[in-house]
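In: Generate a structure from the sequence data that follows.
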Amino acid sequence: MTSQSAATLRSRYVEQAASDLEENRRLQQELAEKITMLKQEEALLSDIMNLAERYEGSLDPSRLPEQAQGEPALTQTRRGAAATSSSGRAASRRPASAKEATGKTAGKAAAKGKSRQPLLGDLLMDLLRTYDEPRLAKELRDELMEKHPNRTPTPQVVRNTLESLVAKGRIRRHKQQRSVMYSPVGDSQGESAEAGADES
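Out: Numbers count the residues shown, from 1 in each chain. Presented below is the predicted three-dimensional model:
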């Protein structure tokens with residue numbers, strides 16, 4: 001009787017151990033798939049950052065002082081659109097990396113001659129400056145669509161524009177648990193110069 005109960009108990013432990021091993025293997029497989037997906041996302045984000053750095057590195061530094069005096073909030077993207085619309089040339093003259101970094105909407109606006117419409121990055125900067133604390137991309141998009149009903153960027157376009165502004169050093173990224181928030185860069189000479197020029 002005792003040996004039978006011991007055998008039964010042993011077989012239950014063996015079954016439980018086999019079940020635990022199978023569950024462990026399943027969890028390992030899931031984690032391996034998640035790791036692969038995260039590596040792909042990391043590679044994509046790295047490519048985006050490289051494009052932004054390449055675009056930022058291709059800017060003409062000799063134009064910057066002139067822009068700071070005459071057009072305070074003029075970004076590199078707006079300069080490209082203004083040059084295109086003033087010369088009447090097609091937007092395809094801009095390098096491919098610049099097109100990818102600025103997004104499709106800026107390229108379409110330049111091609112259609114809508115350079116008078118403010119850039120999404122400038123509108124987002126204006127919204128961020130009205131707050132003392134960092135804001136979520138979703139909150140900024142909702143407020144943008146409320147204040148500018150003719151602008152309906154997708155959430156991804158808003159996030160890409162904000163990340164482009166981070167790469168240019170115009171705003172900061174704040175991570176809180178799983179959320180990413182943004183705030184304008186304060187106390188920089190560029191910001192104070194822009195603010196002074198806007199008041200005049």
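In: Please enumerate the helices of this structure.
Out: With helices called from DSSP state H, the chain shows them at 2-57, 64-70, 76-87, 96-102, 104-111, 120-129, 137-147, 155-167, 189-199.
In: mind giving me the domain split of the chain?
Out: 1-57, 62-117, 118-200 (automatic domain parsing).
In: just flag whichever of those domains has the lowest average confidence.
Out: Of all the domains of the chain, the minimum mean pLDDT falls on domain 62-117 (a mean of 48).
In: okay, now Arg172: neighbour count?
Out: Using other C-beta atoms under 10 Å, Arg172 has 15 neighbouring residues. For every residue, glycine as well, the C-beta is placed using N, CA and C.
In: Counting neighbours, what do you get for the residue nearest to Ala52 when sequence neighbours are not counted?
Out: Among residues not flanking Ala52 along the chain, Ala167 sits closest, at 3.8 Å (C-beta to C-beta, 6 or more residues apart in numbering). A count of nearby residues for Ala167, using other C-beta under 10 Å, gives 19.
In: So Ala167 is in contact with Glu56, correct?
Out: Yes. Counting by C-beta atoms under 8 Å, Ala167 touches Glu56, with 6.5 Å between them.
In: which residues sit against stretch 149-167?
Out: Here stretch 149-167 makes contact (C-beta atoms under 8 Å, 6 or more residues apart in numbering) with 48-49, 52-53, 56, 101-103, 105, 120-121, 123-125, 137-138, 140-141, 144-145, 171-173, 182.
In: try 6 Å this time
Out: With contacts defined as C-beta atoms under 6 Å, 6 or more residues apart in numbering, stretch 149-167 is touched by 52, 103, 120-121, 137, 141, 171, 173, 182.
In: From Leu51, how far off is Leu44?
Out: Leu44 is 11 Å from Leu51, where distance means C-beta to C-beta, to the nearest Å.
In: Please read the previous query as pertaining to Arg25.
Out: Taking C-beta to C-beta, one finds Arg25 at 40 Å from Leu51.
In: the more surrounded of these two?
Out: Taking other C-beta under 10 Å, Arg25 and Leu51 do not tie; Leu51 has more neighbours (18 against 10).
In: where's Arg151 relative to Val158, distance?
Out: 10 Å.
In: Over to Lys175?
Out: From Lys175 to Val158 the distance is 17 Å (C-beta to C-beta).
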